[in-house]
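# below are the sequence and a predicted model; questions follow.
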Amino acid sequence: MRLNERIRAPQVRLIDQNNQQVGIVDIDEALSRARQAEVDLVEVAPNSDPPVCRLMDFGKWKYDQKKKEHKAKLKQHAIIQKEVRLRPKTDEHDRLVKVKKARQFLEKGAKVQFTMMFRGREMVHLDLAQKKMNKIIEELQDVGRVELLPKRLGRRLTMVLTPSHHHQLTKPPP
């Protein structure tokens, strides 16, 4: 955006502070009107013929734009996804601790991905792993719902739970 003396066109289409079109005027006249009104002459459409210029307080406009961007940023809602890793041989107590942590994530509004990793001959017991995943779904059904059912990807079994509607918060977890 060009301001005041940086505008090089000999003539410009001028718009005043009240958004009224003044018409096509010489650059000198446009600059003198800007000085008279104690505002800036800002080129808003440099590619048109002649370029369109507006009389405005550029500092105030810039400040307002920054405020709008800040408000838009505050309204954004980032979706956070946490991961909980398990193994088929994970002990019952350890599994409960992981489920408790997942419950906290879901209550704070984050998605939770459960990943069960297999090593060596553990792949033989896929049915047991599937039962463990179903048990986790059952235990967390009050705070979350299944977004992606347990699915095998190579040596992993993965599922995603998302917060149920009454548990989604506006602030993402840390």
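Structure received. Residues are numbered from 1 along each chain as shown.

# mind giving me the packing neighbours of the biggest strand by length in the chain?
Assignment by DSSP state E gives strand 144-153 as the longest strand of the chain. Taking 3 or more C-beta pairs under 8 Å, 6 or more residues apart in numbering; DSSP states H and E as contact, the helices and strands that strand 144-153 lies on are strand 111-117, helix 126-139, strand 156-163. Using the backbone N, CA and C atoms, a C-beta is placed for each residue, glycine as well.

# how about that strand: buried residues?
Across strand 144-153, burial judged by 16 or more other C-beta atoms under 10 Å covers 144, 146, 150.

# excluding its backbone neighbours, what's nearest E139?
Taking C-beta to C-beta, 6 or more residues apart in numbering as the measure, E139 lies nearest to V99, with 5.5 Å between them; neighbours along the chain are not counted.

# could you dump the helices and strands packed on strand 144-153 to TSV with mean neighbour count?
Formatted as TSV, the entries for the helices and strands packed on strand 144-153 read as follows, by neighbours: other C-beta atoms under 10 Å:
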stretch	mean neighbour count
strand 111-117	20
helix 126-139	15
strand 156-163	20
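
# residues in contact with the residue nearest to E139?
Applying C-beta atoms under 8 Å, 6 or more residues apart in numbering, we find V99 in contact with 84, 136, 139-140.

# same thing but at 10 Å, please
84, 86, 112, 114, 135-136, 139-140 (C-beta atoms under 10 Å, 6 or more residues apart in numbering).

# do you know how far it is from K68?
Distance, V99 to K68, by C-beta to C-beta, to the nearest Å: 43 Å.

# next, count neighbours for the closest residue to M123 other than its chain neighbours.
Leaving aside its sequence neighbours, M123 sits nearest to R155 (C-beta to C-beta, 6+ apart; 6.7 Å). By the other C-beta atoms under 10 Å criterion, the neighbourhood of R155 contains 12 residues.

# my read is that R155 contacts R121, right?
No: taking contact to mean C-beta atoms under 10 Å, the distance of 11.4 Å between R155 and R121 leaves them out of contact.

# just the CA atoms of the lengthiest helix in the chain, as CSV, please.
Longest helix in the chain, counting residues (DSSP state H): helix 58-75. Extracted C-alpha coordinates of helix 58-75, given in CSV (Å, rounded to 0.1, in the frame of the first residue of the first chain):
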residue,chain,number,x,y,z
PHE,A,58,-3.9,5.2,8.1
GLY,A,59,-2.6,4.7,11.6
LYS,A,60,-6.1,4.2,13.0
TRP,A,61,-7.0,1.8,10.1
LYS,A,62,-3.8,-0.2,10.8
TYR,A,63,-4.7,-0.4,14.5
ASP,A,64,-8.3,-1.5,13.8
GLN,A,65,-7.0,-4.3,11.4
LYS,A,66,-4.6,-5.5,14.2
LYS,A,67,-7.5,-5.6,16.6
LYS,A,68,-9.7,-7.6,14.2
GLU,A,69,-6.9,-10.1,13.6
HIS,A,70,-6.5,-10.5,17.4
LYS,A,71,-10.2,-11.1,17.9
ALA,A,72,-10.3,-13.6,15.1
LYS,A,73,-7.3,-15.4,16.6
LEU,A,74,-9.1,-15.6,20.0
LYS,A,75,-12.2,-17.2,18.3
